[in-house]
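*Asks:* here's a sequence, model it:
(one chain, ligands or ions: 1)
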Amino acid sequence: MSEFLISLFLETLFKGRVWQKVKQTPTMAMDNFVREIDKAFDAAKGKKPEELLVTYKGVLYPSGMCRPETFQALDIMEVRKDDVFLVAYPKCGTNWVQHILNDLTSAVSNNKEEVPPREHIQMLEFGVPEKFQKIKSLPSPRVFTTHLHYDNIPKAVFGTKAKVLVVFRNPKDAAVSYYHFYNKNPGLPNVSSWDEFFQKFMSGEVCWSSYFDHALAWNEHMDEENIMIITYEEIKENLLGRVKQIAEFLGFSLPEEKIQSIAENATFESMSNKSQETHGKFGSIIFRKGAVGDWKNLFTEAQSQEMDAKFEECLAGTKLGARLKYDKYCKY
Ligand SMILES: Nc1ncnc2c1ncn2[C@@H]1O[C@H](COP(=O)(O)OS(=O)(=O)O)[C@@H](OP(=O)(O)O)[C@H]1O
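*Replies:* Predicted structure coming up:
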């Protein structure tokens, strides 16, 4: 089949006119995904800063990716008990852990040759509402990702036995990563300086709202059945061990060599080397540095103290606060 016919076919598929079980190679699915992100990237370039954001139920979102109709359709999404949900505040390691989950679920999937173009639709709040129709025919186990606050995740997710993996990162590195993302991503309005962004981050005037509100909500739910919390720093400390732990949480039994190869494919080096292929123009924006402690290059002493005080006020003495190892990762 010519490239033109393949793209026409996938385009039709994505628009919802045809949706059946389709045998695609991973490369076909990925190429289509990359085309879609590149399109979104180029479309955002012509927009005015005020057109780049949309507010839904009091929370800011990038208008190029999120629309009210999709949030409404998401509220009534059908959830399966073997679905896997990855929840992460922006810049806490979403793409990293999504990659691990995709590899783990592919490894246990019986229909390995059928690779649905799931990358289009994995992020719950992105894209068109029609995608929820397509989602219905995806084979299990399906993997979904979201940056949404606990309160905005469909209740059905917690009403089933679906597994929920929640990723957090220390707030100082998350803020720095988010700052660079705001400035390099044409889909978000530029901020004039780190100082300006720091204040926005602290007050929650950023897309998906306040880091601290997200953390406080998860602190209340982290011990519930089918919920597992993991931190960026824990994965960084021991990638192989964490891949194993995630596989156990999902109830997957895989050979040691498979776990090892999934971990090898999930190193920052491996993912950033392939990022052009996997994420198109967003590749170099998402896979920036992949380090712990980059905050020391931007935070002033006063900003560091302000963050320390906020952490003390919100999360010190909490279970999630302890897991974040604030003193180890956020102090000089
Ligand atoms: N494999 C691997 N190892 C280590 N670090 C990694 C990896 N993959 C992504 N990253 C880093 O995660 C940061 C991006 O976070 P997200 O994927 O959550 O971003 S997004 O909100 O979905 O845009 C971003 O962090 P910064 O480099 O600090 O900006 C990425 O570099």
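
*Asks:* surely Asn102 is in a helix?
*Replies:* Yes: assessed by DSSP: H, G, I helix; E, B strand; the rest coil, Asn102 belongs to a helix.

*Asks:* quick one: the residue most central in space within the chain from the ligand, how far?
*Replies:* The centre of the chain sits closest to Thr94, judged by CA atoms, centre = their mean, with a distance of 3.2 Å. As judged by CB to the nearest ligand atom, to the nearest Å, Thr94 and the ligand stand 3 Å apart. Bear in mind the C-beta positions are built from the backbone N, C-alpha and C, glycine included.

*Asks:* for stretch 151-159, which outside residues touch it?
*Replies:* With contacts defined as CB atoms under 8 Å, 6 or more residues apart in numbering, stretch 151-159 is touched by 57, 59, 71, 74-79, 83, 85, 87, 124, 146, 164, 217, 224.

*Asks:* now a ChimeraX select for only the buried ones of the residues you listed.
*Replies:* For the buried members of the contacts of stretch 151-159, the matching ChimeraX selection, counting by 16 or more other CB atoms under 10 Å, is:
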select :59,71,74,77,79,83,85,87,124,146,164,217
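
*Asks:* which of the contacts of stretch 151-159 fall within helices?
*Replies:* Counting by DSSP state H, the part of these found in helices is Phe71, Leu74, Asp75, Ala217.

*Asks:* now those in a markdown table, with pLDDT?
*Replies:* Listed next are the ones in helices among the contacts of stretch 151-159 as a markdown table, based on pLDDT from 0 to 100:
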| residue | pLDDT |
| --- | --- |
| Phe71 | 98 |
| Leu74 | 97 |
| Asp75 | 95 |
| Ala217 | 98 |
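
*Asks:* identify, from those residues, the entry nearest to Ile262.
*Replies:* Leu74 (28.8 Å; CB to CB).

*Asks:* that closest one and the ligand, how far apart?
*Replies:* 17 Å.

*Asks:* tell me the spacing between that residue and Val97.
*Replies:* 20 Å (CB to CB, to the nearest Å).

*Asks:* the chain against the ligand: which residues are in contact?
*Replies:* By the rule CB under 6 Å from any ligand atom, the part of the chain lying against the ligand is 88, 90-96, 173, 177, 180-181, 266-268, 271, 286-290, 294.
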